[in-house]
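Student: Structure for the following, please:
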Amino acid sequence: MNLILETNRLLLRPLELSDAEAMFEMDNNPNVHRYLWQSPTQEISETLKIIEMVQKQYVDNKIGRFATILKETGEFIGWTGIKFVNDHVENGNTNFYDYGYRLNEKFWKKGYATEASIAWLDYGFNQMNIQSMHAYTHAQNGASNHVLQKVGFQFMEDYLDKDGVIWKWWQLINS
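Tutor: As a prediction, this is how the structure comes out:
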């Protein structure tokens, strides 16, 4: 996939195997996984498998999560992007576009999630012509819930996952 998006501070590009070390550092942090099923990555081989799975999504779905790079330093700060969810059911839904992101803890509270979100929503609605974008967040993840609200997502409902954890279901309609 040869798509690259840029914002003032960020470069958004397809994930590469060379991102594995920085991605593993992020996903190995229990704080990053506080609202993500409490299962930090334990081995870099898991990270490599995830990158390969995302690269397959690029081929199959023409979109997927992208490496998010700080332009100023070239650092991998996490991943952001649009995913076509067709591999599981979420809140009774499948075959939908989902917006999501995950950032390394040292890059939290700097506005990067909002900046990347604005770029991705613009791309999804204006280049891909997506009509409806969804997102889902852990109900207690105040920071992510705030970012979604700030970029225009509407809260639709709370729902329980298979483990009884409350999640929030969000939607943004292309207008």
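
Student: Could I get the buried residue list for stretch 9-21?
Tutor: Leu10, Leu12, Arg13, Pro14, Leu15, Asp19, Ala20 (16 or more other CB atoms under 10 Å). To be clear about C-beta, it is placed using only N, CA and C from the backbone, and glycine gets the same treatment.

Student: tell me the average confidence for that stretch?
Tutor: Taken as a whole, stretch 9-21 carries a mean pLDDT of 98.

Student: from the buried residues of stretch 9-21, which single one is nearest Gly111?
Tutor: Checking the buried residues of stretch 9-21 against Gly111 with CB to CB, the nearest one is Leu10 at 10.1 Å.

Student: average model confidence for the lengthiest strand in the chain?
Tutor: Secondary structure assigned by DSSP state E gives strand 76-85 as the longest strand of the chain. Averaged over strand 76-85, pLDDT sits at 98.

Student: Helices of this protein, residue ranges please.
Tutor: Here the chain has its helices, by DSSP state H, at 20-27, 44-61, 112-126, 142-150.

Student: what angle do the longest strand of the chain and helix 112-126 make?
Tutor: Inter-element angle recorded for strand 76-85 and helix 112-126: 30 degrees (by axes from the mean of the first three to the mean of the last three CA atoms, to 10 degrees).

Student: ok so, going back, turn the helices of the chain into CSV, columns for distance to Ile77.
Tutor: Output for the helices of the chain, formatted as CSV (distance: least, CB to CB, whole Å):
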stretch, distance to Ile77
helix 20-27, 8
helix 44-61, 15
helix 112-126, 6
helix 142-150, 14
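
Student: Leu172: which of those is closest?
Tutor: Taking CB to CB, helix 112-126 is the member of these nearest to Leu172, at 6.8 Å.

Student: Sounds good, over and out.
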